[in-house]
Every structure is written in C-alpha cells, then in structure tokens.
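Visitor: What would the 3D arrangement of this be:
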Amino acid sequence: MKKRIAILGSTGSIGVNTLDVISGLGSRYVITALTADSSIRLLAHQARKYRPKIIFVGTELLAKKIKPLIPSGTEVVFGRDDLSRIVSRSDVDLVVFAISGSACLIPLVEAIRAGKAVALANKESLVSAGEIIMKLARKHNVKIIPVDSEHSAIFQCLNAIGKEFLTKIYLTGSGGPLLKVAKDKFDSLPRNFILKHPKWKMGKKISVDSATMMNKALEIIEAKHLFGMDDKSIEVLIHPEAIIHSMTEFKDGSVLAQLGTPDMRLPIQYALTYPDRAGGVVKRLDFSMVKALTFLKPDFRKFPCLGLARTAARRGGTSPAVLCASDEEAVKNYLEGRIRFSDIPKIIEKVLSRHAEITGPSLSDILKAERWAQEEARILCRR
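Guide: Now for the predicted structure:
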C-alpha cells in the first residue's frame with residue numbers, strides 16, 4: 001500500500017533531504033502536497049519532478065507567479081487556512097513538518113485532529129505548546145515521530161526498551177561553530193562563520209540557534225514533552241564527533257545509544273518508514289575511521305541560552321512560548337544586521353523577565369504570548 005505524503009517546507013534543508021530519501025525508497029511513497037513560503041523556483045522544480053496534487057505558497061502574488069511554471073494538473077493555493085486544509089486532506093497519510101518557527105503550530109494541531117501520522121522536524125511547536133500537542137496526540141491516537149537526529153535517536157532507543165524503564169536522557173550536540181572560540185570574540189566573527197556548522201548543513205535560523213546553543217536548549221523542552229521526562233533528567237553533552245546522536249539510561253544503569261554518520265537523511269528515512277526499516281541512501285559508519293568519541297559538559301556562561309531554556313522549562317505555562325518567539329525575532333534581527341550576535345541571549349532574557357506568565361494556557365493564550373514576545377523583542381532590537 002502506498003504512503004501518501006505532504007511535506008510542509010519542501011524547499012528547506014529538511015524538505016529537500018526528505019524528497020531525496022523518498023526518491024531512493026521507490027514507488028511505495030507518493031507526494032500529495034508540497035509547500036514553501038517564497039522559494040518558488042525550487043518549489044516549481046519539485047512540482048515538475050514529483051507532480052503533487054497541490055502546492056502551497058505564502059501569498060497570492062507568488063501563487064500567480066508559480067502557476068505557469070508547474071504541471072497543469074497541480075493546484076496552487078496560498079494563505080494560512082489553505083495550509084491547514086492541506087494537512088487534513090483525505091489523500092494524505094503522513095505530514096512531514098519541515099517548517100521552522102511558530103508558523104507550524106496551527107497546521108500541526110489540524111493534522112493531529114485529522115488523525116494523520118506526523119513526522120516532526122519543528123522544535124518550536126512542541127516547546128511552545130508541548131502539553132497541548134501531546135494531549136491532543138493521545139486523544140486522536142497519533143504517534144509523533146521525531147525527525148531531529150537527537151530525538152529520533154531517543155525514540156529508536158525506546159523502541160528497544162520500554163519507556164517505563166527510562167531514568168535519564170543524554171542529548172548530544174557537536175557544540176556548533178563556536179565551541180573553540182572565546183566568548184569575547186563572538187561579535188567580531190563574520191556572519192558566514194556563525195552560519196557554517198561543523199557537521200550539518202542547515203537553514204540560517206537553525207544555524208544561528210546552533211551557534212548560540214539555543215537549538216540544544218529548545219531540544220531539552222522538546223524532549224521533556226515527547227518522552228514525558230522532567231527536565232532535571234535530561235542532560236546535554238557536547239560530542240564534537242556527532243557520531244552518537246543521543247543516549248538513554250535505564251533503571252539498571254544500562255545506557256543505549258544510537259550511532260550513525262551525521263546525515264539528516266537517516267532520521268528522516270526512519271520517520272518515513274516507521275515502524276519498518278529500509279535499505280537507505282546514507283553512507284554506512286566505518287568504525288575504523290572513528291578515532292575518538294569525546295564528551296564535554298556545556299559552558300552555561302559561554303552559552304546562556306541553555307540556562308534560559310532551563311528556566312523557561314521549570315516555569316512552564318507560556319514561558320517556553322515566549323522563549324521561542326523572542327529567539328525567533330532576535331535571530332531574524334541578527335541576520336538582518338540590526339543587532340550583534342551577543343545581543344541575542346540578552347534580548348531573550350529581557351523579554352522573559354518582562355513576561356506575565358500564564359499557567360495552564362490554552363492554544364489562544366500561547367499564540368497571544370508569542371505575538372507579545374515577538375513585539376517586545378522587536379522593540380528591544382530597534383533600541
């Protein structure tokens with residue numbers, strides 16, 4: 001039986017890799033829908049190659065521009081309501097969420113309500129609204145399959161030994177481009193240095209988050225919700241080789257790890273084929289070439305975003321949503337040259353300190369908190 005797939009964010013790094021994996025898996029997978037915000041040239045190329053029934057772009061103007069570039073049988077839609085309708089279509093079995101930021105939240109909720117399988121590469125939705133999302137997934141019997149390499153690793157380990165025996169999670173991370181750079185040198189570095197990750201090729205926003213270690217910080221909260229763990233039982237370890245993608249510790253002291261070459265196509269393929277496995281496109285790990293497996297504790301003073309995430313996780317309520325939204329706005333302003341790199345955690349901290357937290361928030365409360373945090377961060381960036 002064919003698996004019919006919608007990819008939200010098909011022109012980004014995860015989306016492109018997802019299509020590459022699908023090309024290698026053969027005819028069992030059918031692309032029903034592809035979406036992009038503004039990269040219409042690449043989206044048009046993808047539409048011609050994979051011939052989806054429907055594509056989505058961000059605006060009506062872009063919809064008019066892309067229409068002549070795609071097959072006549074492919075429908076073009078735009079606007080946020082259409083994005084929610086795509087994930088609810090009867091001819092979609094699995095939705096791959098490869099879009100970053102808070103734009104993912106409402107379509108994710110709609111996909112779960114429609115009972116779709118979910119392959120999730122978006123951190124922000126679970127960080128901002130993890131309790132709501134996981135409760136909804138349980139209600140509709142939807143399994144959320146993580147695409148992040150770290151959470152995929154944990155997910156795979158827990159498929160070997162039940163979650164009831166889990167006592168600790170080790171989230172590994174390469175340390176990003178600034179691991180060996182002194183903190184007082186950060187602001188003198190060119191933007192292309194910040195964006196050049198030593199192990200992974202990623203989009204600009206997540207590359208900056210990797211440099212500040214906010215990426216790892218958000219993963220703490222994401223893991224908390226995905227695996228039902230207290231954040232005190234989730235430890236971050238710097239692992240520069242990026243061979244071990246994360247580890248799980250169990251009641252008897254046993255530790256299971258998932259290893260592999262640092263290639264995002266591996267967790268993407270597992271999410272697509274779950275619960276099965278298939279021959280893949282990923283290069284096999286050659287252990288004779290692995291000279292060392294190094295582990296270091298992260299420097300919370302050098303990377304204050306890690307501490308900010310711990311604070312937001314323990315406060316709960318709308319604080320994680322504010323953390324996410326203020327980071328999104330601060331990174332945007334950094335990329336546009338309005339603030340320095342070192343300003344990013346300072347702005348997030350200020351926004352968090354000004355936030356009047358709401359406990360037990362509704363989805364509406366979370367969306368309102370996100371809008372408030374973005375505006376607060378925007379004002380601080382202008383100053």
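
Visitor: any low-confidence regions in the chain?
Guide: Scanning the chain for pLDDT under 70 picks out nothing.

Visitor: got the contact list for the most centrally placed residue in it?
Guide: Most central in the chain under C-alpha atoms, centre = their mean is N122, positioned 3.0 Å from the mean C-alpha point. Contacts for N122 (C-beta atoms under 8 Å, 6 or more residues apart in numbering) come out as 97-101, 104, 108. C-betas here are computed from N, CA, C, even on glycine.

Visitor: hmm, 10 Å instead?
Guide: If you count contacts by C-beta atoms under 10 Å, 6 or more residues apart in numbering, N122 has them with 8-9, 14, 96-105, 107-108, 147-148, 222.

Visitor: tally of neighbours for R371?
Guide: R371 has 13 neighbouring residues, counting by other C-beta atoms under 10 Å.

Visitor: Return the list of helices and strands in contact with the helix or strand where G307 lies.
Guide: Taking DSSP states H and E as the definition, G307 sits inside helix 305-315. In terms of contact count using 3 or more C-beta pairs under 10 Å, 6 or more residues apart in numbering; DSSP states H and E, helix 305-315 is assigned the packing partners helix 123-139, helix 204-212, helix 214-227, strand 234-238, helix 319-335, helix 343-354.

Visitor: quick one: buried residues of it?
Guide: Going by neighbour count (16 or more other C-beta atoms under 10 Å), the buried part of helix 305-315 is 305-306, 308-310, 312-313, 315.

Visitor: now it against helix 319-335, angle please.
Guide: Interaxial angle of helix 305-315 relative to helix 319-335 (axes from the mean of the first three to the mean of the last three C-alpha atoms, to 10 degrees): 150 degrees.

Visitor: For helix 305-315, what is the distance to the chain centroid?
Guide: Centre-to-centre, helix 305-315 and its host chain are 18 Å apart (C-alpha atoms, centre = their mean, to the nearest Å).

Visitor: Could you break this protein into its assigned domains?
Guide: 3-142, 150-262+282-382 (automatic domain parsing).

Visitor: any chance of these in CSV, with distance to L272 too?
Guide: Listed next are the domains of the chain as CSV, based on distance: least, C-beta to C-beta, whole Å:
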stretch, distance to L272
domain 3-142, 6
domain 150-262+282-382, 11
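
Visitor: And those: which comes nearest P275?
Guide: Of all the domains of the chain, domain 150-262+282-382 sits nearest to P275, with 7.7 Å by C-beta to C-beta.

Visitor: now the closest one, how far from the centre of its chain.
Guide: So, by C-alpha atoms, centre = their mean, the centroid of domain 150-262+282-382 is 10 Å from its chain's centroid.

Visitor: and K283, how many residues sit next to it?
Guide: Applying other C-beta under 10 Å, we find 11 residues neighbouring K283.

Visitor: ok, now the one 3 residues further on?
Guide: One way to gauge burial is a neighbour count; for D286, by other C-beta under 10 Å, it gives 8.

Visitor: quick one: it and L259 touch, right?
Guide: No - counting by C-beta atoms under 10 Å, L259 is not a contact partner of D286; they are 11.7 Å apart.

Visitor: wait, what's in contact with I344?
Guide: Here I344 is in contact with 186, 208-209, 211-212, 214, 304-305, 326-327, 329-331, 333-334, 377, 381 (criterion: C-beta under 10 Å, 6+ apart).

Visitor: Not counting stretch 35-45 itself, show me its contacts.
Guide: By C-beta under 10 Å, 6+ apart, stretch 35-45 touches 6-12, 15-16, 34, 46-47, 52, 54-59, 62-63, 65-71, 74, 76-78, 82-83, 86-87, 98-99, 103, 107.

Visitor: how far away is D209 from V351?
Guide: Separation of D209 from V351 (C-beta to C-beta, to the nearest Å): 16 Å.

Visitor: Now do the same contact list for the nearest residue to R113 once chain neighbours are set aside.
Guide: Using C-beta to C-beta, 6 or more residues apart in numbering and skipping residues adjacent in sequence, the residue nearest R113 is H140, 6.3 Å away. By C-beta under 10 Å, 6+ apart, the contact list for H140 reads 111-116.
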